[in-house]
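1. Quick one: sequence and predicted model below, then my questions.
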2 protein chains.
Amino acid sequence: MSSTLPSTSRSLPIALIRAREGVMAPIREMLSETGITEQQWRVLRVLSEHGLLDTTTLAERSSLLFPSLTRIAASMRDKGLITQTRDEIDRRRQLIEITAAGQKIIDDRTSQSTQIVDDIKTKLGTDNYETLLDLLGLLDLNSND
Amino acid sequence: MSSTLPSTSRSLPIALIRAREGVMAPIREMLSETGITEQQWRVLRVLSEHGLLDTTTLAERSSLLFPSLTRIAASMRDKGLITQTRDEIDRRRQLIEITAAGQKIIDDRTSQSTQIVDDIKTKLGTDNYETLLDLLGLLDLNSND
DNA sequence: GTCATTTCCTTAACATGTTAAGTATAGTGA
DNA sequence: TCACTATACTTAACATGTTAAGGAAATGAC
């Protein structure tokens, strides 16, 4: 039974935070001109990819907690980036859809965003990049055994 | 020039968030009994490992932004987990040290915490675990070329 | 020595993360 | 149809993340 914790310099949680900082820095820089946050960008990305979604599915796919999404959606609605409608069959459900203004934010940054991802792939090497995604997937609670 | 963003299901930022959730879930569960947060745990870990530190070094080693650390340190001081003293040579600097009460929180959870890390290593395999740490290190802005 | 600059830290303002409690609608079984 | 439970979402409260502005002490150029 070990009695010493691993050095914080080799700690997985801290390594994950720092890696995230490194990855998000250029994305955040890109978004700073748009007036939207990293989380709002993620919501737009998911909506653009999947179309009309209920709040539960949107929260899951954009990796946001429900209370966060409630606030973020209200803010995005006020900015005209999304629309919220009630499901007439199940009136508890709320349906969310991207607007043309929201889609334009995506379209205007697609090439720049692709470049950022390519830079990271180059930095790591494509094989390493895919390996990293696979290993991260193993840690995801909701997607494995 | 590509005109399509990668699928969000294969997005590195989202994969990093989800992996972090998976890793932190058992740690957060462990901490829920102690009344301290994940960030406060990190501060205690770093202080326990390195001893007396100035705020700048502590922020860097625990991967916290300065304004966050200001608040967290005030809260931890009020709980009696750390002490804050001013550096008499450079009076701008603040020196932070863990208290016996703070150290006890670490000591009481060392074995449980070690077990959590071991479980993750087992889940991934030790080789994969080391590979993952190495790849994450490549993404860290502050520690490479 | 004095003033501009730099460094170290704090405060402020707003967005999000996290947990718990609350509300409204739907489904279910007697 | 009447509880009872479950589901979908909201609200609240507090902690942290993030950026910008501010304050105090040290440093450097002159």
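-> Here it is on my side, so go on.
2. Who is A:Asp54 paired with across the strands?
-> Counting by DSSP bridges, A:Asp54 forms beta bridges with A:Leu95.
3. so who does it touch?
-> Applying Cβ atoms under 8 Å, 6 or more residues apart in numbering or on different chains, one finds that A:Asp54 lies in contact with A:87, A:93-96. Using the backbone N, CA and C atoms, a C-beta is placed for each residue, glycine as well.
4. neighbour-wise, which of those residues leads?
-> Ranked by neighbour count (other Cβ atoms under 10 Å in any protein chain shown), those have A:Ile96 at the top, with 21 neighbours.
5. if we can go back for a sec, now the contacts of A:Asp54 as CSV including pLDDT?
-> Formatted as CSV, the entries for the contacts of A:Asp54 read as follows, by pLDDT from 0 to 100:
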residue, pLDDT
A:Asp87, 95
A:Arg93, 96
A:Gln94, 97
A:Leu95, 97
A:Ile96, 98
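6. helices or strands next to the longest helix along chain A in the packing?
-> In terms of residue count, the longest helix belonging to chain A (DSSP state H) is helix A:100-124. If contacts are counted by 3 or more Cβ pairs under 8 Å, 6 or more residues apart in numbering or on different chains; DSSP states H and E, helix A:100-124 sits against helix A:12-31, helix A:38-50, helix A:126-139, helix B:126-139.
7. next one: it to chain centre, how far?
-> On the basis of Cα atoms, centre = their mean, to the nearest Å, helix A:100-124 sits 13 Å off its chain's mean C-alpha point.
8. Excluding sequence neighbours, find me the nearest residue to A:Asp119.
-> Counting by Cβ to Cβ, 6 or more residues apart in numbering or on different chains, A:Asp119 lies nearest to A:Pro26, which is 7.5 Å off, once chain neighbours are set aside.
9. was I right about that neighbour contacting A:Gln115?
-> No - A:Pro26 is beyond contact range of A:Gln115, at 9.1 Å (criterion: Cβ atoms under 8 Å).
10. Give me the more crowded residue out of these two.
-> A:Pro26 (17 against 14).
11. Show me which residues of chain A sit near DNA strand C.
-> A:37, A:39-40, A:64-68, A:71-72, A:75, A:89-92 (Cβ under 7 Å from any atom of the strand).
12. what pLDDT does A:Asp145 get?
-> Predicted confidence (pLDDT) for A:Asp145: 48.
13. now swap in A:Ile82 and tell me
-> Residue-level pLDDT assigned to A:Ile82 equals 98.
14. Correct me if wrong: A:Thr110 contacts B:Thr4.
-> Yes - assessed by Cβ under 8 Å, A:Thr110 is found in contact with B:Thr4 at 7.3 Å.
15. Nearest to A:Leu135, out of the contacts of A:Asp54: which one, please.
-> Distance ranking of those against A:Leu135, using Cβ to Cβ, places A:Ile96 first at 32.0 Å.
16. in chain A, what spans have low per-residue confidence?
-> Using pLDDT under 70 as the threshold, the predicted model of chain A has low-confidence ranges A:1-3, A:142-145.
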